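Peer 1: Got a sequence here, can you build the structure:
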Amino acid sequence: MKHILKIRTLSLIGLAVMLLFVLTTVALAQPVSQAQTNGDNLVKTVRLVTQRAPVTAAEANGYGRFLGCVSGPDGSMGVHYPNPTLVGDGMLDANHPEVLVYEPVNGKLVLAAVEYLVLYDDWHADNEGPPVLAGQVLNYVGSPNRYGMPAFYELHVWAWKHNPNGVFADWNPNVSCETYAG
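Peer 2: Below is the predicted model:
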């Protein structure tokens with residue numbers, strides 16, 4: 001009888017440990033799954049709202065070229081076309097990216113990514129923490145910086161050009177500024 005009680009007790013303890021393991025695994029997996037879903041949704045939103053807009057359409061909607069083709073030791077970003085009204089509004093809206101990023105290809109500029117950007121002072125006039133868009137925390141860029149801009153937060157979304165570093169990485173080794181003529 002004692003032997004049967006001992007086996008039942010050990011079985012119940014084993015079952016409880018297994019149940020706890022399963023529940024913990026599910027709880028830990030959900031935020032990753034949710035972040036991936038949010039990231040996928042942001043890429044889908046970017047594709048929907050930009051429709052791979054040519055430069056002429058971007059310019060007609062208030063976007064204009066800023067500096068030249070941006071490159072660095074980890075790849076390139078491309079040619080940035082910010083919309084000053086959106087950059088200066090202190091808000092983030094997935095349906096209205098502040099910057100369109102074009103890759104130079106065979107003498108033409110092809111939409112490769114967008115950049116969500118908000119100036120640090122504008123954001124913190126109404127918000128305490130750093131900006132988060134679709135589950136993605138924006139990157140902080142201090143001032144002075146190579147762009148001559150005040151401090152800002154930014155997030156690239158490589159919706160149109162594969163980036164082996166990740167869809168939200170700043171630099172894309174698959175983008176080159178070598179053929180950009182300005």
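Peer 1: What residues are bridge-paired with Val141?
Peer 2: Beta-bridge partners for Val141, by DSSP bridges, are Phe152.
Peer 1: Counting neighbours, what do you get for it?
Peer 2: Neighbour count of Val141, defined by other Cβ atoms under 10 Å: 17. Quick note: C-beta positions are derived from backbone N, CA and C, even for glycine.
Peer 1: Touching, it and Leu155? I think so.
Peer 2: No - in this structure Val141 lies outside contact range of Leu155 using Cβ atoms under 8 Å: 10.9 Å.
Peer 1: Name all residues that make contact with Gly68.
Peer 2: Taking Cβ atoms under 8 Å, 6 or more residues apart in numbering, we find Gly68 in contact with Val79, Cys177, Tyr180, Gly182.
Peer 1: tell me the SS of the third one?
Peer 2: Meaning Tyr180. On the three-state scheme (DSSP: H, G, I helix; E, B strand; the rest coil), Tyr180 is labelled coil.
Peer 1: can you pull the contacts of it?
Peer 2: Contacts for Tyr180 were tallied using Cβ under 8 Å, 6+ apart; they are Gly68, Cys69, Val79, Pro104.
Peer 1: May I have the phi/psi pair for the first one?
Peer 2: The reference is to Gly68. Gly68 adopts backbone torsions of phi -110, psi -150, taken as degrees, to the nearest 10.
Peer 1: got a list of contacts for stretch 136-156?
Peer 2: With contacts defined as Cβ under 8 Å, 6+ apart, stretch 136-156 is touched by 35, 38-39, 42, 66-67, 77, 92, 101, 113-121, 123, 130-133, 168-170.
Peer 1: Could you pull up the mean pLDDT of that stretch?
Peer 2: The pLDDT scores in stretch 136-156 average 96.
Peer 1: Figure out the length between the terminal residues of that stretch.
Peer 2: Across its full length, stretch 136-156 reaches 10 Å end to end, with Cα to Cα, to the nearest Å as the criterion.
Peer 1: From the chain's centroid, how far away is that stretch?
Peer 2: The chain centre lies 13 Å from the centre of stretch 136-156; the measure is Cα atoms, centre = their mean, to the nearest Å.
Peer 1: for stretch 97-112, same thing?
Peer 2: Distance of stretch 97-112 from the chain centroid (Cα atoms, centre = their mean) equals 17 Å.
Peer 1: Many thanks, I have nothing further to ask.
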